[in-house]
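>>> okay, predicted coordinates and the sequence, questions at the end:
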Amino acid sequence: MNILMITNTFTPHRGGVARSIEAFTAEYRKRGHRVLVIAPEFEDMPRDELDVVRVPAIQHFNGSDFSVVLPIPGFLRSAIEDFRPDIVHSHHPFLLGATAIRVARSHLLPLVFTHHTMYEHYTHYVPGDSPAMKRFVIDLATSYANLCNQVLTPSESTATVLRARGVTTPIDVVPTGVATELWRAVDGAACRKAAGIPREAFVVGHVGRLAPEKSLTFLAEAVSRFLATCDRAHFLVVGSGDSEKDICRILGSTGLGRRLHCLGSVGHPALGDAYGAMDVFAFASKSETQGMVLTEAMAAGVPVVALDAPGVREVVRESENGRLLPMENVVEFASALSGIEAAAPAERQRLIAGALATAGRFSIGRTAEKALAIYDRLRGTQRHQDDVHYDSWMAGLRLIEAEWNVISGLVGAASAALTPSSRDSGAHS
């Protein structure tokens, strides 16, 4: 079948949503389906891409590593008509998500929406963040979900939250699958050598965007406390973002900076080698709907220590493949890391076996097969008309558009004020 993916983020961005879409797209194509991806332009994106249409975007919106798409160009309509999609699959309830609604309505196609993100955890990227803003984005995403034929969530805990918020559209749980074969043939020793980590070290690892919503200040404090009690322990961090300076500051302030190793953002095979270099994976985010890095780490045979949260508790099982802690507590988190470091070889092997078994349950083959079955069930049905939810969602979009016009006007005015001609004219006024 022909599957149209519409997303606000895609490669080379290395966030979880981009990597999820990339993984499903590759698996669908491997099975003989056509996939057309509509996504924003990003810096350093590949020059030659198969069935990917890029739309203009503003990079690094408000200090984040996301793109904000600009008005849709006319060539996009032609590309979609030539592709003749059977299914429209949207991955966001705003920006290009609006395009997905319009395409589904105009072509009478079923619309699928994956609720990847708990958007209320990301409102600090928007000017005017407040409790009212968090409520607004929740309502916007809920209205959007009720305009779709099918909602997918990466975890059952996320599906439960959406139902409680008033989503009445059918919801199915389809986790982002992990290509287990990619993470087993790894060279952890090579990564340790390149990063300057001793072969005999016990390595705590973390992979992800280094952003405030990932609770990285807490994580750095907990790991720092553990490192202070274990001379052979090192901290390996893979990813980039504003919170990297906080991690460096916290470990540096305790004299442990030499045992911190920040690799920046890397792709495969370097990412696989990084997982292979780890003895335990540390994760403190409570804003996830799944946390792909958890299953990737487990596919490399790495046990996990994490905080209990939606999207995490479906993957991390207490004493089976790691430790699942009930709340943010630096002492308890550090103690859990110490327990894994001090575990007898037989106990460590049991945790490794549990991690590998969990990764197998989340293989991309299994999850893609489930998603394709849902597509097939929907194919040929029309997107249902719901004027009440559509009007509510459109009202939300108009508010966003008004805010964006104000922000754009302020940016334009500030830019004009800094031009030489503006400065010169002001000096003579």
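Arrived safely, thanks for sending. Fair warning: this is a prediction, and the values are worked out from it, not measured in the lab.

>>> residues near residue 379, how many?
Applying other Cβ atoms under 10 Å, we find 14 residues neighbouring residue 379. C-beta coordinates here come from the backbone N, C-alpha and C atoms, glycine included.

>>> oh, that last question was meant for residue 5, not what I typed.
Counted by other Cβ under 10 Å, the residues lying close to residue 5 total 26.

>>> any idea how far residue 345 is from it?
Distance, residue 5 to residue 345, by Cβ to Cβ, to the nearest Å: 45 Å.

>>> what does residue 236 give?
Residue 236 sits 22 Å away from residue 345, going by Cβ to Cβ.

>>> go on, residue 326?
Noted for residue 326: a distance of 28 Å to residue 345, by Cβ to Cβ.

>>> quick check, pLDDT for residue 216.
Residue 216 is assigned 97 on the pLDDT scale.

>>> quick check: domain ranges of the protein?
Structural domains assigned to the chain are 2-177+367-417, 180-362, following automatic domain parsing.

>>> mean pLDDT lowest where, among these?
The stretch with the lowest mean pLDDT among the domains of the chain is domain 2-177+367-417, at a mean of 80.

>>> off-centre distance for that one?
Offset of domain 2-177+367-417 from its chain centre (Cα atoms, centre = their mean, to the nearest Å): 13 Å.

>>> same thing with stretch 348-363?
So, by Cα atoms, centre = their mean, the centroid of stretch 348-363 is 22 Å from its chain's centroid.

>>> what's next to that stretch, contact-wise?
Contact partners of stretch 348-363, identified using Cβ atoms under 8 Å, 6 or more residues apart in numbering, comprise 175-180, 183, 295-299, 301-304, 315, 317, 320-322, 340, 343.

>>> send me that stretch as PDB with only the CA atoms.
Taking Å, rounded to 0.1, in the frame of the first residue of the first chain, the C-alpha atoms of stretch 348-363 are listed here in PDB:
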ATOM      1  CA  ARG A 348      24.600  -9.600  36.200                       C
ATOM      2  CA  GLN A 349      24.200 -12.300  33.500                       C
ATOM      3  CA  ARG A 350      20.600 -12.700  34.700                       C
ATOM      4  CA  LEU A 351      19.900  -9.000  34.200                       C
ATOM      5  CA  ILE A 352      21.600  -9.000  30.800                       C
ATOM      6  CA  ALA A 353      19.500 -12.000  29.700                       C
ATOM      7  CA  GLY A 354      16.400 -10.200  30.900                       C
ATOM      8  CA  ALA A 355      17.300  -7.100  28.900                       C
ATOM      9  CA  LEU A 356      17.800  -9.100  25.800                       C
ATOM     10  CA  ALA A 357      14.500 -10.900  26.200                       C
ATOM     11  CA  THR A 358      12.700  -7.500  26.600                       C
ATOM     12  CA  ALA A 359      14.300  -6.100  23.500                       C
ATOM     13  CA  GLY A 360      13.100  -9.100  21.600                       C
ATOM     14  CA  ARG A 361       9.500  -8.400  22.500                       C
ATOM     15  CA  PHE A 362      10.000  -4.900  21.100                       C
ATOM     16  CA  SER A 363      11.500  -5.900  17.700                       C
END
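
>>> just the buried positions in that stretch, please.
348, 350-352, 354-356, 358-359, 362-363 (16 or more other Cβ atoms under 10 Å).

>>> farthest-apart pair in these, please.
348 and 363 (23.7 Å; Cβ to Cβ).

>>> which helices and strands sit right next to the host helix or strand of residue 151?
Per DSSP states H and E, residue 151 falls inside strand 150-153. Counting contacts by 3 or more Cβ pairs under 8 Å, 6 or more residues apart in numbering; DSSP states H and E, strand 150-153 is packed against strand 111-114, helix 156-164, strand 171-173, helix 364-378.

>>> burial count for the closest residue to residue 190 other than its chain neighbours?
In this structure, residue 190 finds its nearest non-sequential neighbour in residue 273, 5.5 Å apart by Cβ to Cβ, 6 or more residues apart in numbering. With neighbours defined by other Cβ under 10 Å, the count for residue 273 comes to 22.

>>> would you check that residue 221 makes contact with residue 329?
No: if you go by Cβ atoms under 8 Å, residue 221 and residue 329 don't touch, sitting 10.5 Å apart.

>>> which one's more surrounded, these two?
residue 221 (20 against 14).

>>> got the contact list for residue 219?
If you count contacts by Cβ under 8 Å, 6+ apart, residue 219 has them with 206, 247, 282-284, 333.

>>> which one of those residues sits closest to residue 191?
For the contacts of residue 219, the minimum distance to residue 191 (Cβ to Cβ) is 13.9 Å, reached by residue 206.

>>> look at the closest one and give its secondary structure.
Look at residue 206: counting by DSSP: H, G, I helix; E, B strand; the rest coil, its state is strand.

>>> my guess is it meets residue 285, correct?
No: using Cβ under 8 Å, residue 206 makes no contact with residue 285, being 9.9 Å away.

>>> and the helices in the stretch 101-250 of the chain?
131-145, 156-164, 180-184, 188-195, 216-229, 244-253 (DSSP state H, counting those that start in this stretch).

>>> winner for burial among those?
Of all the helices of the stretch 101-250 of the chain, helix 216-229 carries the top mean neighbour count, a mean of 22, counting by mean count of other Cβ atoms under 10 Å.

>>> how far out from the middle of the chain is it?
In terms of Cα atoms, centre = their mean, the centre of helix 216-229 is found 24 Å from the chain centre.
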